[in-house]
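Engineer: Just the structure for this:
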Amino acid sequence: KCHRGTRLDAIAEIEKWIEDSDSCPILWLNGPAGSGKSTISQTIAECCADKGKIIASFFFLRGTGERSKIENLIPTLAHQVSKQNLAARSILIDIMSNEPNPHHEKALSYQLDELLIKPIKATGIESSNNIIIIDALDEC
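Structural biologist: The predicted model follows:
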């Protein structure tokens, strides 16, 4: 987490993006290694959790087993979304009933669409400025 009084400009810019319903739906935080991207991401995640705005997160960490594998990303996010929203849970249960292993044998883009985007759009979660945070994607 960011130390109090640090990274205020970056945090304010991200918070403004979260509140702006007309903004691009993806915010990419980039910078050199060690510049504090993960710290900012963690701070934003905690702030959004306090406000009830975060629906899922995944923080990759190289060399730590399951947290460094891309194949765990979409199923983990989908699980978190299902815990936040009962309607999304119902949609995911239907998807998994009709196709029990979409997260094992299918392309990442298919998983993203079936297990995350469709349930989110069907339930209207995306229209309420809820966010998903993915940190350190380059670590997988």
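Engineer: you'd agree residue 58 is in a strand?
Structural biologist: Yes - the assignment for residue 58 is a strand, going by DSSP: H, G, I helix; E, B strand; the rest coil.
Engineer: can you pull the alpha-carbon coordinates of whichever helix or strand residue 111 is part of into PDB?
Structural biologist: Here residue 111, judged by DSSP states H and E, is contained in helix 108-111. Extracted in PDB, the C-alpha atoms of helix 108-111 (Å, rounded to 0.1, in the frame of the first residue of the first chain):
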ATOM      1  CA  LEU A 108      -8.100 -17.400 -23.100                       C
ATOM      2  CA  SER A 109     -10.200 -15.100 -25.300                       C
ATOM      3  CA  TYR A 110     -13.100 -17.600 -25.100                       C
ATOM      4  CA  GLN A 111     -12.700 -17.900 -21.300                       C
END
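Engineer: For stretch 122-132, measure first residue to last.
Structural biologist: This stretch, stretch 122-132, spans 16 Å end to end (CA to CA, to the nearest Å).
Engineer: Could you pull up phi and psi at residue 32?
Structural biologist: Backbone geometry at residue 32, expressed as degrees, to the nearest 10, gives phi -70, psi 160.
Engineer: For residue 138, see how far away it is.
Structural biologist: To residue 138, residue 32 is 12 Å away according to CB to CB, to the nearest Å. The way it works is simple: take the backbone N, C-alpha and C, and place the C-beta from them, glycine included.
Engineer: for residue 49, same thing?
Structural biologist: Counting by CB to CB, the separation of residue 49 from residue 138 is 24 Å.
Engineer: So if I had to pick from those two, which one is more boxed in?
Structural biologist: residue 49 (12 against 9; other CB atoms under 10 Å).
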